[in-house]
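Visitor: Here is a sequence together with a model predicted from it:
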Amino acid sequence: MEQEAIHSIAELFSPGRIAASVLILALTWAFLRILLSLTGLLSRRFSRYRLQISRFFPVARLFLWTSAIYVVVVYVFRPQTNALLALAASFGIALGLAMQDSVRNVLSGLFILFDQPFRIGDMIQVGSHYGEVRGIGLRSVRIHTFDDSIVTIPNSTIAGEAVSNSNSGELNEMVVVDIDLPATIDPSRVRQLAWEAAASSPYVYLKKPIVVGVEDRFDRVFLTRFKIRSYVSDIRLERVLASDITQRLKGELIGLGLLTPAMVSPSSPPPAIADRDRRKRGSP
């Protein structure tokens, strides 16, 4: 009986079957590398459809690896049904005990791929990290921040966090620039200048509206805050648009004499021509 079992195991894991399995997995890996390079090439060539092209790869990778493993198990090793069920049960128990965190990450990764709270190319906020989603794997998600860093976040962490998605699949997104000026300034004049600064920027997306709001705030003295809400033409230019609007508006204010050195004297807080670009997160 023992000899028959040993013979069955030896036949199941024969050198020919192992070599065939390695070959199938290696070809799958090589094809995915080619597909990844092709996806990157097409994304650069057709930048307008970059997001749609980039989102194809994670789904294709999951499908190809699943298909390769199925072919190896069912058509190469061809185990008996009872043996396959017993092996799957034993493997599942062992895997669950030894790799609980990894299993949680994989399951969370599957939920992300199918539920799609975000996709490759979206700008998301997870905890203190904000950036563009560059990769969605079975274990983790990689985002590229504006500090030019790649942050890798485990899928299980994302599943337990609130995730803010700024563009939800579109190439454009809202950028909010806050401008704090002395309360004595003419709000109607500055509001018009702020709108013109946003509308004249080469990075703005003019098919969506530009809105300038005005509100009062207090920071040792009374200030007037101007909120410039506009849309950037490409999510990767978010900070560039905010900086450009700030520079244009500040230049106009100085040129017209509405912003003078006395307004930014050390005895009073600076008017803070702030280029703080806040993403659309339910701001009123």
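Guide: Received, thanks.
Visitor: Quick one: low-confidence residue ranges for this protein.
Guide: Along the chain, the model assigns pLDDT under 70 to residues 1-13, 79-102, 261-284.
Visitor: For residue 169, grab the count of nearby residues.
Guide: By other Cβ atoms under 10 Å, 13 other residues sit near residue 169. C-beta: built from backbone N, CA, C; applies to glycine.
Visitor: Kindly report the same for the one 4 residues further on.
Guide: Using other Cβ under 10 Å, the number of residues around residue 173 comes to 23.
Visitor: That one and residue 53: what is the separation?
Guide: Per Cβ to Cβ, to the nearest Å, residue 173 is found 19 Å from residue 53.
Visitor: Repeat that for residue 134.
Guide: To residue 53, residue 134 is 14 Å away according to Cβ to Cβ.
Visitor: Those two: who's more crowded?
Guide: residue 53 (20 against 14).
Visitor: could you list every residue that touches that one?
Guide: 39, 42-43, 46 (Cβ atoms under 8 Å, 6 or more residues apart in numbering).
Visitor: Is it correct that it falls within a helix?
Guide: Yes - membership of residue 53 in a helix is supported by DSSP: H, G, I helix; E, B strand; the rest coil.
Visitor: and the longest strand seen in the chain, what other elements does it pack with?
Guide: Ranked by residue count under DSSP state E, the longest strand found in the chain is strand 221-232. With contacts taken as 3 or more Cβ pairs under 8 Å, 6 or more residues apart in numbering; DSSP states H and E, strand 221-232 sits against strand 173-182, helix 187-199, strand 211-219, helix 238-255.
Visitor: switch the cut-off to 10 Å
Guide: Applying 3 or more Cβ pairs under 10 Å, 6 or more residues apart in numbering; DSSP states H and E, we find strand 221-232 packed against strand 173-182, helix 187-199, strand 211-219, helix 238-255, strand 277-279.
Visitor: Show me where the stretch 51-200 of the chain has its helices.
Guide: According to DSSP state H, counting those that start in this stretch, the stretch 51-200 of the chain carries its helices in the segments 56-71, 81-98, 100-115, 155-159, 187-199.
Visitor: okay, the longest strand of the chain in PDB with CA atoms only?
Guide: The C-alpha trace of strand 221-232 is given here as PDB (Å, rounded to 0.1, in the frame of the first residue of the first chain):
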ATOM      1  CA  VAL A 221      -6.400  89.600  12.200                       C
ATOM      2  CA  PHE A 222      -9.400  89.500  10.000                       C
ATOM      3  CA  LEU A 223      -8.700  88.000   6.600                       C
ATOM      4  CA  THR A 224     -10.700  87.300   3.400                       C
ATOM      5  CA  ARG A 225     -10.200  83.900   1.900                       C
ATOM      6  CA  PHE A 226     -10.700  83.400  -1.800                       C
ATOM      7  CA  LYS A 227     -11.300  79.800  -2.900                       C
ATOM      8  CA  ILE A 228     -10.500  79.200  -6.500                       C
ATOM      9  CA  ARG A 229     -12.100  76.000  -7.700                       C
ATOM     10  CA  SER A 230     -11.000  74.800 -11.200                       C
ATOM     11  CA  TYR A 231     -10.300  71.600 -13.000                       C
ATOM     12  CA  VAL A 232      -6.900  70.500 -14.200                       C
END
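Visitor: tell me the angle of it relative to strand 211-219?
Guide: Orientation check (axes from the mean of the first three to the mean of the last three Cα atoms, to 10 degrees): strand 221-232 against strand 211-219 gives 150 degrees.
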